[in-house]
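[1] this one's sequence-less:
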């Protein structure tokens, strides 16, 4: 009947659809521009800093005083304090986070899980400035009452410990995901061989989930290195080259926050130096994030 | 013991079995104690904040209130306060206050605190934490009577309606968080207006339109990495781009605003928007992924175009998830402090933000400022501001959870 009518089956041009699609594409690509803008802007100012004739490679890595305003460019005091606070944070958060993850994934009943998980979720949602308050007004007095006079009011230990508590939920939730992804047959196999629950968890499940746990660990370090408010409030203001965790020392992030909080004139060496530090931070966290993704992909045990 | 079991029966085996069980039990307790530590930390944190936000205060009036009025302090009416302030304050100070907010329009409580601050000159001598106040109340009163004979002791809640409605002040007793709360609202409002459409658009592009090729992979990887960039780096980006390069736009000078530089709430809002963008994209992608393919196929089947499918079927079915994700991103923006310090929130500002091009302060900035002050009164109001921030965040998160439970569809 309709055979005489012919249908035009070629695609109709729809300008509206194309416009929408290009807008959506732009929205998607914007994130690339964000990264490029970060690299360009940080790189540009950092270039000005390193281009300064006073800033030499030997001074930057060879001396231990950081005061760009009066010509001291040794980066080490900022780096060591960042490392010490991050290290303390990891010493707190890795064992605690991992234990919590093992308990939640292997031992806890569904009811216990639903009661305990929110504790970690609330901890994860607390703003870091509140953790800073906690570090200064709870952890520092606590440390002072345990270790006495040698703990300064501002100190790296209290900032590091509280930072560890802050990172704990991250480590535990990422590790728990990795542990629960291990297939049940492995556990049943271990039980059949007569292994206890503990032996199964630690000797069978944990090694199988190691890639995910490693990734969680690396992301945790990256969070600790980039964390600002806790160290800005509790770790001290003023670069200090020391390895004593009970002494005050400013970290890279804390230094940026303090200097830029004051009135800072653009195009001064101080201003440029902040961008150099921020660029280092960005690169370190970027590399850590990429490594963690690589660890997951490279070392993941696959079960069919 | 059951003698019919299939375990070997010799003593050494049984002994080792017991050891193994004992180890297992000890470790189970250790694993569980990690969660206990988390719980104790959380409780210690909440306790520290509440402990700081309430407690006894010993204060003196530098000038006797009786020299200003014969009415008892509690019974002062608004009119009386106005007359007292007008007659006793210098005319310059009165005009300045009137300029900030017309005196006639102020509330009784507001005028009363002005009266105490400017004329009577309330002077806080010492403050105590809540625990001390409850456990050693009598001793505190005795001690105060000895040390400051003229001082009065009062139990004070540092969070009060007064605290919520007052602007900043250089004296902790009269400082409030109104400007900070308004600043925070402007900030997250601008951030959301910027990030929600772009984030949703990017998620739609990545899930519905993007071809599976290396370029899409790079975009995806880049978004995941941006989510892990420290917030302070975003602050530096905001300082370089929004505050300096785009200063004509963000200071509002191309719109005819002349009295500001680039350090406006607009710059900070955009910075915050860029910061939460990856979170919004990732959450929206998850929400869109959850929409089953059969819905799309059905739409194509009746001749819908790609955009019609997305607009009429995919988005309505994923909107609850997208909004939940956005609320979570919003609560992140509300608590984020470091980028604001870098972009340059003003720390002392007593005028409410009036538009996108005004200077501003925000709740977390005030908490930071007050915490780093040496005087204990400032720690007390920092604790008060933390309580308000936490209540705001809890409300937001509860909304997100309700929204998720209410609109979550199962296919």
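    Yes, it's here. None of these values were measured; they are calculated from a predicted model. Numbers count the residues shown, from 1 in each chain, chains lettered A, B, ... in the order given.
[2] now for the closest residue to chain B within the stretch 201-304 of chain A: which residues touch it?
    Using Cβ to the nearest Cβ, residue A:226 is the residue of the stretch 201-304 of chain A that sits closest to chain B, at 2.5 Å. Every residue, glycine included, has its C-beta placed from N, CA and C. Residues near residue A:226 by Cβ atoms under 8 Å, 6 or more residues apart in numbering or on different chains: A:253, A:281, A:285, B:229-233.
[3] can you show me the strands along the chain?
    Looking at chain A here, since you left the chain open. A:66-67, A:72-73 (DSSP state E).
[4] that's the other chain; I wanted chain B
    B:54-61, B:122-127, B:152-157.
[5] could you check how far residue A:145 is from chain B?
    For residue A:145, the distance to chain B (Cβ to the nearest Cβ, to the nearest Å) stands at 14 Å.
[6] ignore what I typed, I meant residue A:154.
    10 Å.
[7] one more: residue A:31?
    On the measure of Cβ to the nearest Cβ, residue A:31 and chain B end up 5 Å apart.
[8] correct me if wrong: that residue contacts residue B:202.
    Yes - in this structure residue A:31 lies within contact range of residue B:202 using Cβ atoms under 8 Å: 6.7 Å.
[9] list the residues that contact both of these two?
    With Cβ under 8 Å, 6+ apart as the test, residue A:31 and residue B:202 both reach B:223, B:277, B:281.
[10] got the domain ranges for chain B?
    B:52-157, B:178-407 (automatic domain parsing).
[11] most tightly surrounded among these?
    Mean neighbour count (mean count of other Cβ atoms under 10 Å in any protein chain shown) peaks for domain B:178-407 among these, with a mean of 20.
[12] between the two ends of that one, what distance do you get?
    With Cα to Cα, to the nearest Å as the measure, domain B:178-407 spans 34 Å from end to end.
[13] how about the contacts of residue A:226, which pair is most distant?
    Maximum pairwise distance among those (Cβ to Cβ): 12.4 Å, between A:253 and B:229.
[14] returning to that earlier point: any chance of the strands of chain B in CSV, with mean pLDDT and distance to chain A too?
    Shown next, in CSV, are the strands of chain B (pLDDT from 0 to 100; distance: least, Cβ to the nearest Cβ, whole Å):
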stretch, mean pLDDT, distance to chain A
strand B:54-61, 82, 13
strand B:122-127, 78, 13
strand B:152-157, 82, 18
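[15] max-length helix in the chain?
    No chain in the question, so chain A it is. In chain A, with assignment by DSSP state H, the single longest helix is helix A:15-51.
[16] think we crossed wires, I meant chain B
    helix B:11-53.
[17] tell me the angle it makes with strand B:152-157.
    120 degrees (axes from the mean of the first three to the mean of the last three Cα atoms, to 10 degrees).
[18] residue nearest the middle of chain A, spatially speaking?
    Note on chain A: the residue nearest the mean C-alpha position is residue A:223, at 1.4 Å, using Cα atoms, centre = their mean.
[19] how about that one: what's its closest non-neighbour residue?
    residue A:167 (5.5 Å; Cβ to Cβ, 6 or more residues apart in numbering or on different chains).
[20] surely that neighbour meets residue A:224?
    Yes - counting by Cβ under 8 Å, residue A:167 touches residue A:224, with 6.1 Å between them.
[21] mind listing what's buried in stretch A:190-200?
    By 16 or more other Cβ atoms under 10 Å in any protein chain shown, the buried positions in stretch A:190-200 come out as A:190, A:195-200.
[22] need those residues in a markdown table with pLDDT and distance to chain B, can you?
    Output for those, formatted as a markdown table (pLDDT from 0 to 100; distance: Cβ to the nearest Cβ, whole Å):
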| residue | pLDDT | distance to chain B |
| --- | --- | --- |
| A:190 | 94 | 13 |
| A:195 | 90 | 9 |
| A:196 | 90 | 4 |
| A:197 | 91 | 6 |
| A:198 | 92 | 4 |
| A:199 | 92 | 7 |
| A:200 | 93 | 9 |
